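*Asks:* sequence first, then the predicted structure:
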Amino acid sequence: MSALSQYSPDGKWWWNGQAWVPAPSVPPVRSLTFGTAPRRSWLAIFGGVTAIVAEAVILVSYVTPFATYDATSTSAAYTQSVFNNGYAGGLVNAIASVIVILLGTAAAIVILASKNRTSLAVACGLLTAFGTQELADWTGTAGTYAGLSYVHISAGVGIAIVGSLMLLAGGLISGLSLVVRPAAA
């Protein structure tokens, strides 16, 4: 006799092999209603939005000149930006910058959309790593160019440093959402 045939047609009784006994109660199925989803952490929301704004600021810094070179006897004065390096093959260096924008934006969207803690942790780590990398890159650029007499630091460096700090802050603030529990409603 199969397991299904051991229950009465109405499902209220079960044959235990010797007698009909009341069937074990099955907990009622809970229906989904609006408002049952857990609350989003304001830290995750604030960090994710900060990271998206930071990516926009960093993108502006990539097209804004970060260095102005003085005219010399062999060349005219020119400016340099991430997407206009001023020399043939210079756009190859922009590939890493595009990756930071694309992956950083994707990580910020994951932070805003996902409730999976592992996904959130990976996304927070990416934003923190990208913010740290960009900050180190741009402070190094500023330090290098500050020591050269024929190069002047332009606005792109300052914009990039602000964007880098925002991206780093977005990753760290979002990361706090993994350890700070939201208050109960």
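*Replies:* All right, it came through fine.
*Asks:* following the strand or helix carrying residue 106, which helix or strand shows up next?
*Replies:* In this structure, residue 106 is located in helix 94-113 according to DSSP states H and E. Counting by DSSP H and E, the next helix or strand C-terminal to helix 94-113 is helix 117-146.
*Asks:* pLDDT of that following helix, averaged?
*Replies:* Mean pLDDT, helix 117-146: 94.
*Asks:* and it, what's buried?
*Replies:* 120, 123-124, 126-131, 134-135, 137-138, 141-142, 145 (16 or more other C-beta atoms under 10 Å). Using the backbone N, CA and C atoms, a C-beta is placed for each residue, glycine as well.
*Asks:* before we move on, back to that, got the contact list for the helix holding residue 106?
*Replies:* Contact partners of helix 94-113, identified using C-beta atoms under 8 Å, 6 or more residues apart in numbering, comprise 44-45, 47-49, 51-52, 54-55, 58-59, 62, 82-83, 85, 119-120, 122-124, 126-127, 130, 133-134, 167, 170-171, 174.
*Asks:* same question for stretch 143-156.
*Replies:* Under C-beta under 8 Å, 6+ apart, the answer for stretch 143-156 is 61-62, 64-70, 72, 79, 81-82, 142, 157.
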